[in-house]
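> Turn this into a structure:
(one chain, ligands or ions: 1)
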Amino acid sequence: MSTPISADALRDWLEAGKPVTLVDIRRAADRVQWSIPGSIHIDAYSDLKQGRPGALADAVLPTAVPVVTICNMGVISQSAAQILDARGFEAHFLEGGMKSWSLAWNTAVIPAMDERVRIIQVRRIGKGCISYIVGSLGEALVIDASLPAGVYLKLAAENGWRIRYVLDTHVHADHLSRSRNLATDAEATLLLPLQERVRFAFTPLAHGDAVTVGTATLNALATPGHTPESTTYLLKGQAVFTGDTLFLSGVGRPDLHADGDGARQRVQLLYHSLQRLFALDPDLLVLPGHASKPIPFDGLPVAAALGGVAECFADWLDSEEGFVERILSRIPPTPPNYLHIVALNEQGVLPEGDPTDLEAGANRCAVS
Ligand SMILES: [Fe+2]
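Okay, the predicted model is just below:
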């Protein structure tokens, strides 16, 4: 008999390195949007909808490991698992499909220069949203929480840390910030870049302000562009947490919540922000707020030395005018629901019901 497997249970299997065959039975067009890294594509969707096994009737799959079938919502994948079960496989279907996978996550540890400091990169793998926990001497801070508060509380507890501060790099438009919730649950201080957008209480961080946990001090650097309040956090000698200002091979789109002139002004600001970032120590690790594609369970940090990232951008920054034209001509399609997400993030509330309904879909926050 085929049985469901929850996104959390599958996450645990993959994080533990358990061998499993992931069979994505969706249409090719759905898979292009996003998929689970390492999954096999067998386009059986139309056949299954009509009650036929299609390519699953004789698909050659490893027999010694469980198979998990995957569709968009966890309905058609159930029929797929039944067919594989009848063929003798240990077959499961992903409960809730790719929609529930939206909240799946994994971690990678960033090697730290100071052994008293530990940085954990927390990756919301489906959407590519990345948050961080920086811990030292029993206390920690969290940057850009995009997962339920319990995830960060659990990771902090495992490391013997009390979360003292929760920070965002900017007002997010692509996902619902969980920072306010986390700060409440952890009884921590909520620190946000100085701005007049959000309508709830927070402690503002201005350019040059510092926040310390244990032996780790982060300095706020104003890096406007992606949004006016976008801020990078510098952990001296170690890393820059760049949010959506700078990715490893792109920059954050400047157009959301801005008209044509506003977007142009933001790109001009971004040009100067990047110049300031690239003037920092080239050995600093860039720790971005997003990955450009779904992140595998490989434990490898999404990170690169600032000097190497700067080299990729060298010809982008030849002139301000050229940079502006380059960025404005490459802006990807506007993501769905971003106005609603921004409105909720400015109010500091999560929607009633399932938040992933609003956050569904590919991540389109980068220009590269
Ligand atoms: Fe953003």
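> Ramachandran coordinates for the nearest residue to Val198 once chain neighbours are set aside?
By the measure of CB to CB, 6 or more residues apart in numbering, the closest residue to Val198 outside its immediate chain neighbours is Glu346, 5.2 Å from it. No exception for glycine: its C-beta is placed from N, CA and C like everyone else's. Backbone dihedrals for Glu346, given as degrees, to the nearest 10, come out at phi -70, psi -30.
> and Ser136, bridged to which residues?
Val117, Glu139 (DSSP bridges).
> Just the pLDDT for it.
On pLDDT, Ser136 comes in at 97.
> Check Ser131 too.
Reported pLDDT at Ser131 in the predicted model: 98.
> and it, that one's in a strand?
Yes: counting by DSSP: H, G, I helix; E, B strand; the rest coil, Ser131 is located in a strand.
> burial of it, as a residue count?
For Ser131, the neighbour count with other CB atoms under 10 Å is 29.
> hmm, back to that, quick one, what contacts the residue nearest to Val198?
For Glu346, the contact set (CB atoms under 8 Å, 6 or more residues apart in numbering) comprises 171, 197-199.
> what do you get for Leu22?
Residues in contact with Leu22 (CB under 8 Å, 6+ apart) are 36, 38-40, 67-68, 70.
> For it, give me phi and psi.
Note on Leu22: backbone dihedrals following degrees, to the nearest 10 are phi -100, psi 120.
> Leaving out the residues flanking it, which one is nearest to it?
Per CB to CB, 6+ apart, closest to Leu22 is Ser39, 3.8 Å.
> State the number of residues packed around the one you found.
Residues near Ser39, counting by other CB under 10 Å: 20.
> May I have the predicted confidence score for it?
pLDDT, Ser39: 96.
> What's the separation between it and Pro294?
Counting by CB to CB, to the nearest Å, the separation of Ser39 from Pro294 is 10 Å.
> now swap in His41 and tell me
For His41, the distance to Pro294 - CB to CB - is 14 Å.
> between those two, who's got more neighbours?
Pro294 (21 against 16).
> pretty sure the residue nearest to Leu22 contacts Asp24?
Yes: using CB atoms under 8 Å, Ser39 is in contact with Asp24, at 4.4 Å.
> Now the common contact residues for those two.
With contacts defined as CB under 8 Å, 6+ apart, the residues shared by Ser39 and Asp24 are Ile70.
> From the contact counts, what lies against the longest helix along the chain?
Longest helix in the chain by number of residues (criterion: DSSP state H): helix 260-278. Contacting helix 260-278 under the criterion 3 or more CB pairs under 8 Å, 6 or more residues apart in numbering; DSSP states H and E are the following elements: strand 216-222, strand 251-252, helix 306-313, helix 320-328.
> could the ones you listed be laid out in a markdown table, adding distance to Gly126 and mean pLDDT?
As requested, those are exported to a markdown table (distance: least, CB to CB, whole Å; pLDDT from 0 to 100):
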| stretch | distance to Gly126 | mean pLDDT |
| --- | --- | --- |
| strand 216-222 | 28 | 98 |
| strand 251-252 | 19 | 94 |
| helix 306-313 | 24 | 96 |
| helix 320-328 | 26 | 95 |
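> For Arg264, which of these is the nearest?
For the helices and strands packed on helix 260-278, the distance to Arg264 is smallest for helix 320-328, at 6.2 Å, taking CB to CB.
> Can you check the pLDDT for Leu256?
As predicted, Leu256 sits at a pLDDT of 86.
> er, Leu10 I mean
pLDDT, read off for Leu10, is 96.
> quick one: Ser273 and Thr245 touch, right?
Yes: with contact defined as CB under 8 Å, Ser273 reaches Thr245; the gap is 6.1 Å.
> higher neighbour count, these two?
Neighbour totals were compared for Ser273 and Thr245, and Thr245 leads with 27 against 24 (other CB under 10 Å).
> Spit out the contact partners of that one.
169, 223, 225-226, 230, 232, 251-252, 270, 273-274, 277.
> One more pass at 10 Å, please.
Taking CB atoms under 10 Å, 6 or more residues apart in numbering, we find Thr245 in contact with 169-170, 221, 223-227, 230-232, 251-252, 270, 273-274, 277, 286, 288-289.
> do Val109 as well
By CB under 10 Å, 6+ apart, the contact set of Val109 is 118-121, 299, 301.
> Nearest to Pro19, out of the helices and strands packed on helix 260-278?
With CB to CB as the measure, helix 306-313 is the member of the helices and strands packed on helix 260-278 nearest Pro19 (34.1 Å).
> Can you report how many residues neighbour Ser329?
When neighbours are defined as other CB under 10 Å, Ser329 has 8 of them.
> swap in Thr223?
Each residue near Thr223 was counted by other CB under 10 Å, and the total is 30.
> per-residue confidence at it?
At Thr223, the model reports a pLDDT of 98.
> Ser292 and Ser368 touch, don't they?
Yes: assessed by CB atoms under 10 Å, Ser292 is found in contact with Ser368 at 6.8 Å.
> what do the two both touch?
Taking CB under 10 Å, 6+ apart as the contact rule, Ser292 and Ser368 both touch 247-250.
> mind showing which ranges of the stretch 251-368 of the chain have poor pLDDT?
361-363 (pLDDT under 70).
> 90 instead?
255-261, 292-294, 314, 332-337, 352-368 (pLDDT under 90).
> separation between Met1 and Ala91?
Taking CB to CB, one finds Met1 at 9 Å from Ala91.
> Same drill for those two, tell me which one is more crowded.
Shown here are Met1 and Ala91; by other CB under 10 Å, Ala91 has more neighbours (27 against 7).
> Buried residues of stretch 262-282, list them for me.
Residues of stretch 262-282 classed as buried by neighbour count (16 or more other CB atoms under 10 Å): 263-271, 273-274, 277-278, 280.
> Take those residues and lay them out in JSON lines including distance to Trp161.
Putting those into JSON lines (distance: CB to CB, whole Å) gives the following:
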{"residue": "Ala263", "distance to Trp161": "40"}
{"residue": "Arg264", "distance to Trp161": "43"}
{"residue": "Gln265", "distance to Trp161": "40"}
{"residue": "Arg266", "distance to Trp161": "36"}
{"residue": "Val267", "distance to Trp161": "38"}
{"residue": "Gln268", "distance to Trp161": "40"}
{"residue": "Leu269", "distance to Trp161": "35"}
{"residue": "Leu270", "distance to Trp161": "34"}
{"residue": "Tyr271", "distance to Trp161": "38"}
{"residue": "Ser273", "distance to Trp161": "31"}
{"residue": "Leu274", "distance to Trp161": "33"}
{"residue": "Leu277", "distance to Trp161": "28"}
{"residue": "Phe278", "distance to Trp161": "32"}
{"residue": "Leu280", "distance to Trp161": "27"}
